[in-house]
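S.K.: Here you go, sequence then predicted model.
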Amino acid sequence: MEDSLLIKYLLEEASPDEVTAVEIWMDANPEHKKHFQQLRWVWVKSKDLVQADDINENSAWERFQLLREENQKKVQPKGGQRFLASGWGRVAAAFVLLGAITAIVLSFLPHSGKALYSNVALVADQEAIKEVLIDGSVLTLNKNAKLSYSQKWLGGNRLVKLEQGEAYFQVEKNPKKPFVIAVGELEVRVLGTSFNVKKTKERTIVIVDEGVVQVKTVRDEVLLQKNEKAMINNDNGTIEKSASTDQLFKYYVSKEFVAKNLKLTTLVEALNAAYNSEVEVLSSQAKEMSITTTLPYGSLRDNLEIISQTLGVTVSQKGDNIIIE
């Protein structure tokens, strides 16, 4: 029987007549069933190795068939050679095929599967970037952020090392393999959740969007739930826990600044961080104002114009500074 039909049977893509034909063929001869089990073993083992659900199985099988045919040609016995007819020969061939399929499967994974055996460095320059990790977790690096990650086959966790800047994490749940972010001596540990981590020279800020996050230093430890944040002193490891009252921290993920009855000064602080600008709310009256609006993460000048029209304030340029009053 053609392997192509057996493959369709494995992928549950065979028609009812084809299913019947395969099952009759397997029942007719123990060697037929053994051949089918070998095909299934190689496929299942290759998927187990990478623990990935997003692989294009049809494409992988097509490439598998080609490699299998090539390997069969290469190892055809010459003259009286009967190596492949022996049990050891079949085992060796199976492992050759397993190696070939593993290479194929790895090619479908993010960063070619490198994180399964080594560290992968990710760097954002002047634009935020979004990356999908091997386990399906998604992270967004803000501009000028730098980190590395690994999710090794035999490792006990999924490890990220944030070296600079900030990143927003959307972590896939896996109770057997916690997701750990290391920031110096600080450790953030989760199972499955969404949160933001920002590292500056003086402190690290962790804000939880969904789920529960454990934040731990050599000196202190807290649990954070949705809409809570921790401010960690990078020098002494102390942790200050408080409520997170807005969604401005993830502007680089959503590409917008969402303000709901928010202090104008708080919104301006977020704009300064995003645009590396020096906008100052000068008048005491403007400092007391609140604003409800959604600003696109686009032009700073356009956003200041929207603020001016919404609140009736004046925006002016004084040297390198922009003044709101």
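M.R.: Happy to help now that I have it.
S.K.: what sits against V22?
M.R.: M1, L5, L6, Y9, A14, F36 (C-beta atoms under 8 Å, 6 or more residues apart in numbering). Using the backbone N, CA and C atoms, a C-beta is placed for each residue, glycine as well.
S.K.: filter the residues you listed to the buried ones?
M.R.: When the contacts of V22 are checked for burial by 16 or more other C-beta atoms under 10 Å, the buried set is L6, Y9, A14, F36.
S.K.: give me the low-pLDDT residue ranges for the stretch 51-200 of the chain?
M.R.: 51-108 (pLDDT under 70).
S.K.: Of the contacts of V22, which pair is most distant in space?
M.R.: A14 and F36 (12.5 Å; C-beta to C-beta).
S.K.: now the buried ones among the contacts of V22 as CSV including secondary structure?
M.R.: As requested, these are exported to CSV (DSSP: H, G, I helix; E, B strand; the rest coil):
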residue, secondary structure
L6, helix
Y9, helix
A14, coil
F36, helix
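S.K.: where do the strands sit along the stretch 151-300 of the chain?
M.R.: Ranges of strands in the stretch 151-300 of the chain, per DSSP state E, counting those that start in this stretch, are 158-170, 179-183, 186-190, 194-199, 203-210, 213-216, 221-224, 228-233, 239-243, 256-263, 279-281, 290-296.
S.K.: Ignore what I typed, I meant the stretch 1-150 of the chain.
M.R.: Counting by DSSP E, counting those that start in this stretch, the stretch 1-150 of the chain has strands at residues 120-123, 129-132, 138-141, 146-150.
S.K.: Buried residues, the third one. List them.
M.R.: Residues of strand 138-141 classed as buried under the neighbour-count rule (16+ other C-beta under 10 Å) are L139, T140, L141.
S.K.: Reformat these into CSV and put distance to V279 next to each item.
M.R.: As requested, those are arranged in CSV below (distance: C-beta to C-beta, whole Å):
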residue, distance to V279
L139, 29
T140, 24
L141, 25
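S.K.: so what's the closest residue to N144 other than its chain neighbours up against?
M.R.: Spatial nearest neighbour of N144, chain neighbours left out: G165 (5.2 Å); criterion: C-beta to C-beta, 6 or more residues apart in numbering. Contacts for G165 (C-beta under 8 Å, 6+ apart) come out as A124, L141, N142, K143, N144, A145, K146, K198, K199.
S.K.: So how do I select the buried members of those in ChimeraX?
M.R.: Selection command for ChimeraX covering only the buried members of the contacts of G165, criterion 16+ other C-beta under 10 Å:
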select :124,141,142,145,146,198,199
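S.K.: Contact partners for R158?
M.R.: L133, D135, S137, Y149, S150, Q151, N174, K177, P178, F179, V180.
S.K.: how about these in a markdown table, adding distance to Q247?
M.R.: Shown next, in a markdown table, are these (distance: C-beta to C-beta, whole Å):
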| residue | distance to Q247 |
| --- | --- |
| L133 | 24 |
| D135 | 26 |
| S137 | 21 |
| Y149 | 25 |
| S150 | 30 |
| Q151 | 29 |
| N174 | 27 |
| K177 | 29 |
| P178 | 26 |
| F179 | 22 |
| V180 | 25 |
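S.K.: what's the closest of those to T310?
M.R.: Nearest member of the contacts of R158 to T310, counting by C-beta to C-beta, is S137, at 37.4 Å.
S.K.: Let me have the strands of the stretch 151-300 of the chain in TSV, extended by distance to N119.
M.R.: Below are the strands of the stretch 151-300 of the chain laid out as TSV (distance: least, C-beta to C-beta, whole Å):
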stretch	distance to N119
strand 158-170	8
strand 179-183	12
strand 186-190	17
strand 194-199	18
strand 203-210	21
strand 213-216	22
strand 221-224	26
strand 228-233	24
strand 239-243	27
strand 256-263	33
strand 279-281	39
strand 290-296	36
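S.K.: Among those, which comes closest to V313?
M.R.: strand 279-281 (8.5 Å).
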